[in-house]
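Student: Next come a sequence and a model predicted from it.
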Amino acid sequence: MRRRMTDETIKEGREQVPPPGAKSEKSVVRQYAEAVIIAVILALVIRSFVIQAFKIPSGSMLQTLQIGDHILVNKFLYWFTGVQQGDIIVFKFPQDEGRDFIKRVVALPGEKVEVRGKQVYVNDNPLTEPYTVHLDPVLLDNPGSSRDNFGPVMVPPGQLFMMGDNRDYSMDSRFWGFLDMKKIKGKAFIIYWSWDHERFRPRWDRIGMLVR
């Protein structure tokens, strides 16, 4: 009797063992959960330290960047190289760090910058800027305006002088001062999507364009 009970117990136990290669429902759920957690962690790391996506909400960088352009920003480039004149960067707005701004670097630390009659001068040399636009033909030369005539000023150490490419309609260093380089988030490098809100359609010709 004892022998029979033992055999039946062993037999029943063997029948409950899953066949080779089979996975329990709990194991499958756990694997999916681990995969999701790892994916979320990787996404957070990439967003924080590698690449981040931004959307252009205003026309201050026309014609280089259009309203509705979606861009990718390299967040680690400046770990290995310095900021260059002409770089288009995303940064925390100095007057409200909860907002992100995007502008072009016009002058670097230690450089002299001046605007005379809408022409930018760096170290007393006129800056060649084929990417800029001036949509307002009026020249503002009254003392209270710094849009078309500004400076000269010296850029302090660790600071940058920033301007939008749409010079007549850009809130930039002419109005809020220098940018602390510690506020830089990264350099814009490609347009991965662009949506024309006025025509309600994608701008296919802009997708994949490098930001320069």
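Tutor: Yep, it's here.
Student: and the residue positioned nearest the centre of the chain, what are its bridge partners?
Tutor: Centroid-nearest residue in the chain: V73, 3.5 Å away (criterion: CA atoms, centre = their mean). Counting by DSSP bridges, V73 is bridged to Q52, A188.
Student: OK, contacts around the nearest residue to R203 once chain neighbours are set aside?
Tutor: Of all residues not flanking R203 in the chain, S194 sits nearest, at 3.9 Å (CB to CB, 6 or more residues apart in numbering). Bear in mind the C-beta positions are built from the backbone N, C-alpha and C, glycine included. Residues near S194 by CB atoms under 8 Å, 6 or more residues apart in numbering: Q66, G68, D69, H70, P202, R203, R206, I207.
Student: residue contacts, the fifth one?
Tutor: Which is P202. P202 makes contact with W193, S194, W195, D196, according to CB under 8 Å, 6+ apart.
Student: Show me which of those residues is closest to E114.
Tutor: The closest of the contacts of P202 to E114 turns out to be S194 (CB to CB; 34.6 Å).
Student: Quick check: which element contains that closest one?
Tutor: strand 184-196 (DSSP states H and E).
Student: just R174 next, same as before
Tutor: Using DSSP H and E, R174 sits in helix 173-176.
Student: Can you name the residues in contact with that helix?
Tutor: Residues contacting helix 173-176 (CB under 8 Å, 6+ apart): 93-95, 103, 106, 115, 146-147, 150, 160-163, 179.
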